[in-house]
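sequence unknown, structure follows:
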């Protein structure tokens, strides 16, 4: 019984009734002017619903009164973007008025019927209700009929609210274009989260690898001069990592903030210098207009190069490294080769190498990582268009 009556204790039940009763203000005003043409308000709703902004206003009302507190009620609050949305709005306005009129009549006449039945059962003078004019007055058994209009009233109070809410979700819900736009926005958010995870992995992983290699080399060398150079390299790499970390955290704090000042391939010298300071013998060759690369290609190319050099330092140590960066024929080609460590024989499945392949695929390119002619090779090709 308590569960049955629970809807009557919810505030949403009564805000939905308020939403249903609102159109009756217009109908009542018109009937006060001319009762012979009750269809005029429904006719006026047709051109009204074709106004794009009306859909937004109806969506705001529906969210506020039909689904209060819902984070995603499935009701759009944007103007009509296509004629299909406009006609859906017209249909919604007509449905809202029809349900409103029906609900008002039900909630006015059902209590009157209950009152009349009670008066007939207890000997009072019956009211002039056409539906009950054949029932005898002053008959106790008439009281047995009272629960039926009460149940109908309960159904009207709860059921009409549920009907109008379902209609709002159907007719004011996002169109196919809006759903596609929302899906694209969600996809962009997921891609941004993935990109930030890669940024942190590449930047912080590179800095820690350089610091570990430098510290180990300085301790083994026992040379104060080398130790000073190692500490300077650790300091420089750490500062760069802190800058990257601060930028990424800034993006997380401000979702609308543009991603700017990300390093590009024009800043690749600091990666090469960091690797050289760690003891690696880097032979680098850059061919083509690197400075003219599109921003996304240049930024992802920098991260691919950073991860490739990090892997060299982490797994091979201070070994000769050949770096080739070539821009030609509408493609950026990156290649990093180093002597293959004896412990590595497979293609490599670490998260860093997977990130290289994902970065390349995201821009429509491809990346290969693994042994090649006695060397460990990382090669990526990114289209410029």
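Cool, got the structure. Just so it is clear, the model here is predicted, and its values are computed rather than measured.

quick one: the helices in the stretch 251-385 of the chain, in order.
268-277, 295-315, 351-362 (DSSP state H, counting those that start in this stretch).

and the shortest one with helix 295-315, angle?
The directions of helix 268-277 and helix 295-315 differ by 0 degrees, with axes from the mean of the first three to the mean of the last three Cα atoms, to 10 degrees as the criterion.

redo the helices of the stretch 251-385 of the chain as TSV? Include mean neighbour count, mean pLDDT and distance to residue 53.
Using the backbone N, CA and C atoms, a C-beta is placed for each residue, glycine as well. Conversion of these to TSV gives the following (neighbours: other Cβ atoms under 10 Å; pLDDT from 0 to 100; distance: least, Cβ to Cβ, whole Å):
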stretch	mean neighbour count	mean pLDDT	distance to residue 53
helix 268-277	19	83	52
helix 295-315	23	85	37
helix 351-362	18	80	39
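
with distance to residue 334 added, can I get these in CSV?
Shown next, in CSV, are the helices of the stretch 251-385 of the chain (distance: least, Cβ to Cβ, whole Å):
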stretch, distance to residue 334
helix 268-277, 10
helix 295-315, 6
helix 351-362, 9
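
where's the residue nearest to residue 241 when sequence neighbours are not counted, which helix or strand?
Nearest residue to residue 241, sequence neighbours excluded (Cβ to Cβ, 6 or more residues apart in numbering): residue 207, at 3.4 Å. Here residue 207 sits within helix 176-221, counting by DSSP states H and E.

would you mind measuring from residue 80 to residue 179?
Distance of residue 80 to residue 179, given as Cβ to Cβ, to the nearest Å: 15 Å.

more neighbours, those two?
For residue 80 and residue 179, the more surrounded residue by other Cβ atoms under 10 Å is residue 80, and the numbers stand at 22 against 12.

and that one, how close does it get to residue 56?
In terms of Cβ to Cβ, residue 80 sits 8 Å off from residue 56.

make sure residue 45 is indeed in a helix.
Yes. Under DSSP: H, G, I helix; E, B strand; the rest coil, residue 45 sits within a helix.

correct me, but it touches residue 91?
No. Counting by Cβ atoms under 8 Å, residue 45 does not reach residue 91; the two are 9.7 Å apart.

so which of these two has more stuff around it?
residue 45 (21 against 16).

pLDDT score assigned to that one?
With respect to pLDDT, residue 45 scores 89.

now the residue nearest to it when sequence neighbours are not counted: which helix or strand?
Distance criterion Cβ to Cβ, 6+ apart; nearest residue to residue 45, sequence neighbours excluded, is residue 93 at 4.3 Å. Element membership of residue 93 [criterion: DSSP H and E] is helix 83-121.

list the buried ones in the next helix or strand after that helix?
Per DSSP H and E, helix 83-121 leads on to helix 147-171 as the next helix or strand towards the C-terminus. By neighbour count on 16 or more other Cβ atoms under 10 Å, the buried set for helix 147-171 is 149, 152-153, 156-158, 160-161, 163-165, 167-169, 171.

show me which of those residues is closest to residue 50.
Closest to residue 50 out of the buried residues of helix 147-171 is residue 171 (14.1 Å), distances taken as Cβ to Cβ.

need the contact list for the closest residue to that closest one other than its chain neighbours.
Closest residue in space to residue 171, ignoring its immediate chain neighbours: residue 92 at 3.9 Å, by Cβ to Cβ, 6+ apart. Taking Cβ atoms under 8 Å, 6 or more residues apart in numbering as the contact definition, residue 92 lies against 49, 58, 167-168, 171-172.

repeat the analysis, applying 10 Å as the threshold.
45, 49, 54-55, 58-59, 62, 164, 167-168, 170-172 (Cβ atoms under 10 Å, 6 or more residues apart in numbering).

now tabulate these in JSON lines and tack on distance to residue 37.
Output for these, formatted as JSON lines (distance: Cβ to Cβ, whole Å):
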{"residue": "45", "distance to residue 37": "14"}
{"residue": "49", "distance to residue 37": "20"}
{"residue": "54", "distance to residue 37": "23"}
{"residue": "55", "distance to residue 37": "27"}
{"residue": "58", "distance to residue 37": "25"}
{"residue": "59", "distance to residue 37": "30"}
{"residue": "62", "distance to residue 37": "28"}
{"residue": "164", "distance to residue 37": "25"}
{"residue": "167", "distance to residue 37": "26"}
{"residue": "168", "distance to residue 37": "28"}
{"residue": "170", "distance to residue 37": "30"}
{"residue": "171", "distance to residue 37": "26"}
{"residue": "172", "distance to residue 37": "28"}
